[in-house]
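**Student:** sharing a model that was predicted from the sequence below.
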Amino acid sequence: MNMHIAIAGNIGSGKTTLTELLAKQYHWQPHYEGVDNNPYLHDFYDDMQRWSFNLQVYFLNNRFNQIIQIRESGKTVIQDRTIYEDAHIFAPNLHAMGLMSTRDFDNYTSLFEMISSLIKPPDLVIYLRATVPTLVRQIQKRGRKYENAIRLDYLQRLNERYEAWVTTYKLGKILIVDVDSTNFSENPEDLGNVINKIDAELNGLFL
């Protein structure tokens, strides 16, 4: 049985790290977000209002293509971030902060709704829950220059939207990992606990 596993979480929650660790553990094929190749990301952090719509459409297109590749691959794939986070968290947050116009937001939303009607959701979503201090610490640790401008209130607003999304997510199984108390990147025992929880969820999928 080939599956689509996806990791969701705020900026700096550890999605890429956990994707790498689980791909190695389970011999899954990883699909990364690809921030280094993103032609809009640097511009977006310099001028969010100007580039928010372009960035979100880029992500939507990119993740839609990923999902098509995942379903056609015939392999079990673990994906770094879901298509739903863009539509339910990042785009609405930009709109609410006045960083995306209503015209652009409505256009984006209709595009997402059309695309989401054509795709199958992941078999399992793993949500990495982290408070803002933890996010800031991990963002600083990885040292991406363009992320230095991220505001604390921006991260907090995203966290609030993540929590609202997680409580209403009904498209499939979701596993929540508390990153504040789980150091899976450096502590093998913590990683083992996460793997045990994933095994329990996957066994349910196989039944």
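**Tutor:** Happy to help now that I have it. Numbering: from 1, shown residues only.
**Student:** can you map out the strands along this structure?
**Tutor:** Secondary structure of the chain (DSSP state E): strands located at 4-9, 29-31, 77-80, 124-129, 173-178.
**Student:** tell me the most buried of the ones you listed?
**Tutor:** Stretch with highest mean neighbour count among these: strand 4-9 (a mean of 26; mean count of other C-beta atoms under 10 Å). To be clear about C-beta, it is placed using only N, CA and C from the backbone, and glycine gets the same treatment.
**Student:** who are the neighbours of that strand, in terms of helices and strands?
**Tutor:** On a contact count with 3 or more C-beta pairs under 8 Å, 6 or more residues apart in numbering; DSSP states H and E, strand 4-9 meets helix 15-26, helix 48-73, strand 77-80, strand 124-129, helix 152-168.
**Student:** tabulate these in a markdown table, adding columns for distance to residue 179 and mean pLDDT.
**Tutor:** As requested, the helices and strands packed on strand 4-9 are arranged in a markdown table below (distance: least, C-beta to C-beta, whole Å; pLDDT from 0 to 100):
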| stretch | distance to residue 179 | mean pLDDT |
| --- | --- | --- |
| helix 15-26 | 9 | 95 |
| helix 48-73 | 22 | 92 |
| strand 77-80 | 15 | 94 |
| strand 124-129 | 5 | 97 |
| helix 152-168 | 11 | 94 |
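**Student:** ok, which of these comes nearest residue 184?
**Tutor:** helix 15-26 (6.1 Å; C-beta to C-beta).
**Student:** hmm, who's touching the closest one?
**Tutor:** With C-beta atoms under 8 Å, 6 or more residues apart in numbering as the contact definition, helix 15-26 has outside contacts at 5, 7-9, 28-30, 32-33, 76, 78-81, 126, 128, 177, 184-185, 191, 194-195, 198.
**Student:** apply 6 Å and report the result again.
**Tutor:** Applying C-beta atoms under 6 Å, 6 or more residues apart in numbering, the external contacts of helix 15-26 come out as 7, 9, 30, 78, 80, 81, 185.
**Student:** just flag the most distant two among those.
**Tutor:** 81 and 185 (17.2 Å).
**Student:** go ahead and confirm residue 166 touches residue 127.
**Tutor:** Yes - using C-beta atoms under 6 Å as the test, residue 166 is close enough to residue 127 to be in contact (5.4 Å).
**Student:** of residue 81 and residue 185, who's got more company?
**Tutor:** In this view residue 81 and residue 185 are compared by other C-beta atoms under 10 Å, and residue 81 has more residues nearby, 23 against 15.
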